[in-house]
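Asks: sequence plus predicted model, see below.
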Amino acid sequence: MKKVLASILALCMVFGTAITAAADDAAADNINNDVVYEVVTVDVEDLMVEIAQRPAMYAATGNFYGNKLTGNAKTIYNDMLSYFENIDNGTGDCVSKYTVNGTAAEVQEALAANLMDHTELLNWFGKGAGNNISYISGGGICYTYFPVIEDYRVPGSEKKDTYNGLSGSYSYWKIDSNKGGDRASALAKAAEIVANASGSDFQKVRYFNEAICNLTTYDFPALEDGIYDDTYQMINAFNGKPVVCEGYAKAFKYLCDESNIGCLIVEGHIGSGTGAGNHMWNYVELDGNWYLVDVTNNDGSDESMVNTPGDFTENLLAIGSGNPYYSLLGFDPLYYTDGTPVPTPPAVTLSVEDYTELTGEKVNVAVESSTSKQVVLKLTLENPSASMPVVAQTDVSVAPAAEIAGFKQETDKITIDFAKRLDAGTYTVTIKNNEDYHYNSVSFEVPEVDKYAAPVIAVAYNENHTSADITISNPNNAGTIKYTVNGGAETVYTDSFTVDTNTPDHRLTKQISAYVESTDEDFQSSDKANQVVTLVADPDSFHVVVTPVAGLTGTIAADTVVASMEAKNVPYSLDVMYNLESGSEGSFGVDGDKIVANGDVAPGSYVVYVSARPIVDSGNLDSGDPSNLGIGYGEAVIVINSQPTSGGGSSGGGGSSSGGSKLNNKGSVSTGSTGGARVPVSPAAAGKEAGKSAENAIKDALANGSNTAVAPVVIRNGSSIGADALKAVKDAVDQAAAGTGVNVTPVVWSDVVRNGVVQSRMYIDPAKYASLTGDIKLGVELSAPSVSTLFDKYFSNNIRIVKFEHTGPFGMAIEVAVKLDLTNMNTENLYFYSYDAATNVYTPIANPMYYIDTNGYLHFTVSNGGHVIISDGPLARK
């Protein structure tokens, strides 16, 4: 058995602290002093941390990450790849200064993708201590200065640039990627190894392991000097020179790439106690499954730790996580030695079993279709002349374990029915191999299927305390409606239901609780989801008509008592928003779960908002955090007249009340989200509500002798708004104001509401609709744990984070109000930074114009989405 020493398990990737890229001696060339330039300097350490947050640190084959880019970043990626290839070939300028039309952010995206896709071209790229990358942008051009390992700098080739408005100078060198013929000889040796490899993919992998171990040895002194050089590159391995584990892993991956065998480089932690260390190894794909290969620890004999060329083992060749060596050596692809988590584990699942060479016919298995109740598999023979296998149910397993209720094979198709609906998650189906056939495992996803509760209880009073009228309908049969009456037994109803009773005892006449339950697989992703809140939001589906006289002292109450295990504990909130006719507030107060009339109630229509959380289809409400499940919202209109009336109305789409938030809503009109499913803002609805808002604003202005007014349109939990909807708002307001003598300013307020409280608001100017290049996404979150962890690691500041669903420019400056906990922060000296997680770039927001209103909302102005980092001082590195 192989002994494990701390030195072999030690860190093979050197990350150092950064120093400035600017040089301050020797003459420098000036770059166009007529342009004002900006500089972004990125520590290589930070860049590599950001790279590790991608699905896999290095691509399995080809331009894996480059193919995921779009727009100019993709164009720059291809151009930069050609630039790197020219350096590799020794053609062109071969300098470490790269010039391209684009922004610093686009160049950073392209570089990150190339670093992951093409490690074989970048043996000269400096990753060690004292290295960083500088991006100088101005006039539509970005100049990038790459760090170069000193051995690859052509002596006497250093040049320096200066830029208008920037201090210091920026150095670059001519690169000799083939110094001393090292690279050419290494690639020639690698090509020889690939040419000599034969047989199955596993036989080739065995040969690659042996060839690398025969060529190189482990470089123990490299652990002590901390210098990032060729000991970390595949060049040394193929040239028979010592390497550390990064060199072993890169060499193995290069041979696999050249042989079209799927391979990943994995970084993480290995060992425990004094033998602990950061490490690099490989995952290799064989027959559709992934296995571990650690050439570093295969290099040597079982009896000796002296890595002598010619000594090697296959102890760590294509093993699974169930192999004793896996636990004995303590492979951990999730954490580094210091306990820091690897931001994203490898994007594959390691097999439990070791790889075994298979005999017989290869059968390719694919998922043809799947639901939470059934999966259909398609079998394809690699040898078309072979006979299709007959698979027994006992040879099929599902992980996580799932009971199979039905099993049927029709030639090349296998249908598996499950005894009960599977919980949301990823499931893997495996067919047992035998001497005649072998199969690959396949996985399928089961999405979450929510049950939405939309519960309402109505209490009605009038002069004679005689009637309540509640109608619940489900015109499109989106699932089933279940309800109880006065706490009675649960009833399932799929059409409509009306109650109209007389009770002379001055008490509650009827209480109705109803909710929609659907188990359709596509319920959430289709229009069916929007039907849920029609129980509350659509006046034709739900209305409460109250006909009291002035002096009303009764209450309208909400509750969630439903005779159903799934819905009985659904959290809810209830609030009165405003009077539709006058826009006034305060006619009702909220007392716990009741809306209470405050003295005399003037005739008019009052909007009641009811919200309820969706319930995951698990039957167990006590597990998990229900706050992660989203909110369903709806509204009803209470009509209070001096004479009895019937019918009801809605102000438009739903949304939760912001009454608890204390952000001003006077005169506003609701539009946007119609319930649990967030939807884009409709131009027609936005224009209609804007017209109403403008009419009310003009009326108030004229009554007050004013010639100016503001007409707000409130969006609650909408998903996006486009230029057409903003234009509709502006046009409707302009039309309403024409000839009135009142100058009306339209504004859109996009609110994100949680549990009846506005947690954020975006103030959007409809007059700037023409500046939009796409829809503005309206989601806002007040936390981003992964970003917080990253900034806490490198900076000592106390920070808060606002995460916008929208990424990139909004197309206009937008004021934002957020309900943040600013405890222990110096609110007199806040700093704001825009952070792009895709490129790992943070930029100071020059003029955020922030203030904190009397209700504790922090207001600031931004032009870009993504993340906003808020600190009470300049970001200071730890």
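Replies: Thanks, I have the structure now.

Asks: can you give me the strands in the stretch 51-200 of the chain?
Replies: Using DSSP state E, counting those that start in this stretch, the strands found in the stretch 51-200 of the chain span residues 97-101, 132-138, 141-145, 159-163, 169-172.

Asks: for the first one, packing partners?
Replies: Taking 3 or more Cβ pairs under 8 Å, 6 or more residues apart in numbering; DSSP states H and E as the contact definition, the neighbouring helices and strands of strand 97-101 are helix 71-89, strand 141-145. From N, CA and C alone the C-beta is placed, and that goes for glycine too.

Asks: let me know the angle separating the first one from strand 141-145.
Replies: Translated: helix 71-89. 40 degrees (axes from the mean of the first three to the mean of the last three Cα atoms, to 10 degrees).

Asks: export helix 71-89 to CSV, keeping only CA atoms.
Replies: The C-alpha coordinates for helix 71-89 follow below in CSV (Å, rounded to 0.1, in the frame of the first residue of the first chain):
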residue,chain,number,x,y,z
GLY,A,71,-22.1,39.2,-27.9
ASN,A,72,-18.9,41.0,-28.0
ALA,A,73,-17.4,38.9,-25.2
LYS,A,74,-17.7,35.8,-27.5
THR,A,75,-16.0,37.8,-30.3
ILE,A,76,-13.2,38.8,-28.0
TYR,A,77,-12.9,35.2,-26.8
ASN,A,78,-12.2,34.0,-30.3
ASP,A,79,-9.8,36.9,-31.1
MET,A,80,-8.0,36.3,-27.8
LEU,A,81,-7.7,32.6,-28.5
SER,A,82,-6.1,33.4,-31.9
TYR,A,83,-3.8,35.8,-30.0
PHE,A,84,-2.7,33.0,-27.6
GLU,A,85,-2.3,30.6,-30.5
ASN,A,86,0.0,33.1,-32.2
ILE,A,87,2.1,33.3,-29.1
ASP,A,88,2.2,29.6,-28.9
ASN,A,89,3.3,29.4,-32.6
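
Asks: format the strands of the stretch 51-200 of the chain as a markdown table; extra columns: distance to residue 798 and mean pLDDT.
Replies: Putting the strands of the stretch 51-200 of the chain into a markdown table (distance: least, Cβ to Cβ, whole Å; pLDDT from 0 to 100) gives the following:
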| stretch | distance to residue 798 | mean pLDDT |
| --- | --- | --- |
| strand 97-101 | 37 | 91 |
| strand 132-138 | 26 | 85 |
| strand 141-145 | 33 | 91 |
| strand 159-163 | 34 | 88 |
| strand 169-172 | 34 | 88 |
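
Asks: tell me which of the ones you listed approaches residue 244 most closely.
Replies: strand 132-138 (22.7 Å; Cβ to Cβ).

Asks: and that closest one, what does it pack onto?
Replies: Applying 3+ Cβ pairs under 8 Å, 6+ apart, one finds that strand 132-138 contacts strand 38-43, helix 44-52, helix 104-117, strand 141-145, strand 159-163.

Asks: neighbouring strands for it, and are they parallel or not?
Replies: strand 38-43 (antiparallel), strand 141-145 (antiparallel) (DSSP bridges).

Asks: for it, buried residues please.
Replies: Using 16 or more other Cβ atoms under 10 Å as the test for burial, strand 132-138 gives 132-138.

Asks: stretch 262-281 now?
Replies: 262-271, 275-281.

Asks: next: stretch 247-255.
Replies: Neighbour-count burial for stretch 247-255, counted by 16+ other Cβ under 10 Å, picks out 247-255.

Asks: which residues touch it?
Replies: 12, 58, 119-120, 190, 193-194, 197, 208-209, 211-212, 216, 219, 230-234, 236-238, 243, 263-266, 280-282, 293, 295-296, 299 (Cβ atoms under 8 Å, 6 or more residues apart in numbering).

Asks: mind doing that once more with 7 Å?
Replies: 58, 119-120, 190, 193-194, 208, 212, 231-234, 236-238, 263, 265, 280-282, 293, 295-296 (Cβ atoms under 7 Å, 6 or more residues apart in numbering).

Asks: after the lengthiest helix in the chain comes which helix or strand?
Replies: With secondary structure taken from DSSP state H, the chain has its longest helix at helix 683-703. Downstream of helix 683-703, the next assigned helix or strand under DSSP states H and E is strand 708-716.

Asks: so what are the sheet partners of the next helix or strand after that next one and their directions?
Replies: Next helix or strand after strand 708-716 toward the C-terminus (DSSP H and E): strand 720-721. Strand pairing for strand 720-721, using DSSP bridges, gives strand 776-777 (antiparallel).

Asks: show me what the next helix or strand after the strand it pairs with is packed up against.
Replies: Going down the chain from strand 776-777, the next helix or strand is strand 780-781, by DSSP H and E. On a contact count with 3 or more Cβ pairs under 7 Å, 6 or more residues apart in numbering; DSSP states H and E, strand 780-781 meets strand 799-804.

Asks: so what's residue 81 up against?
Replies: By Cβ under 7 Å, 6+ apart, the contact set of residue 81 is 114, 118.

Asks: need the strands for the stretch 251-400 of the chain, in chain order.
Replies: Per DSSP E, counting those that start in this stretch, the stretch 251-400 of the chain carries strands over the ranges 263-270, 277-286, 289-293, 317-319, 361-370, 374-381, 396-399.

Asks: now those in JSON lines, with mean pLDDT and distance to residue 164?
Replies: Formatted as JSON lines, the strands of the stretch 251-400 of the chain follow (pLDDT from 0 to 100; distance: least, Cβ to Cβ, whole Å):
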{"stretch": "strand 263-270", "mean pLDDT": "82", "distance to residue 164": "41"}
{"stretch": "strand 277-286", "mean pLDDT": "87", "distance to residue 164": "43"}
{"stretch": "strand 289-293", "mean pLDDT": "91", "distance to residue 164": "52"}
{"stretch": "strand 317-319", "mean pLDDT": "91", "distance to residue 164": "57"}
{"stretch": "strand 361-370", "mean pLDDT": "92", "distance to residue 164": "58"}
{"stretch": "strand 374-381", "mean pLDDT": "94", "distance to residue 164": "63"}
{"stretch": "strand 396-399", "mean pLDDT": "90", "distance to residue 164": "62"}
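
Asks: could you tell me the end-to-end distance of stretch 410-419?
Replies: 20 Å (Cα to Cα, to the nearest Å).

Asks: stretch 248-266 too?
Replies: In terms of Cα to Cα, the two terminal residues of stretch 248-266 are separated by 12 Å.

Asks: same check on stretch 856-876?
Replies: With Cα to Cα as the measure, stretch 856-876 spans 27 Å from end to end.

Asks: kindly report the same for stretch 217-229.
Replies: So stretch 217-229: terminal residues 16 Å apart, Cα to Cα.

Asks: nearest to residue 837, out of the strands of the stretch 51-200 of the chain?
Replies: With Cβ to Cβ, the closest approach to residue 837 among those belongs to strand 132-138: 17.2 Å.

Asks: could you check the angle that closest one makes with strand 97-101?
Replies: With the same axes, to 10 degrees applied, the angle from strand 132-138 to strand 97-101 works out at 40 degrees.

Asks: restrict strand 132-138 to CA atoms and write it as PDB.
Replies: What follows is strand 132-138, C-alpha atoms only, in PDB (Å, rounded to 0.1, in the frame of the first residue of the first chain):
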ATOM      1  CA  ASN A 132      -2.100  40.800 -11.500                       C
ATOM      2  CA  ILE A 133      -3.900  41.800 -14.700                       C
ATOM      3  CA  SER A 134      -4.600  45.400 -15.700                       C
ATOM      4  CA  TYR A 135      -7.400  46.500 -18.000                       C
ATOM      5  CA  ILE A 136      -7.100  50.100 -19.300                       C
ATOM      6  CA  SER A 137     -10.200  51.200 -21.200                       C
ATOM      7  CA  GLY A 138     -11.100  54.400 -23.000                       C
END
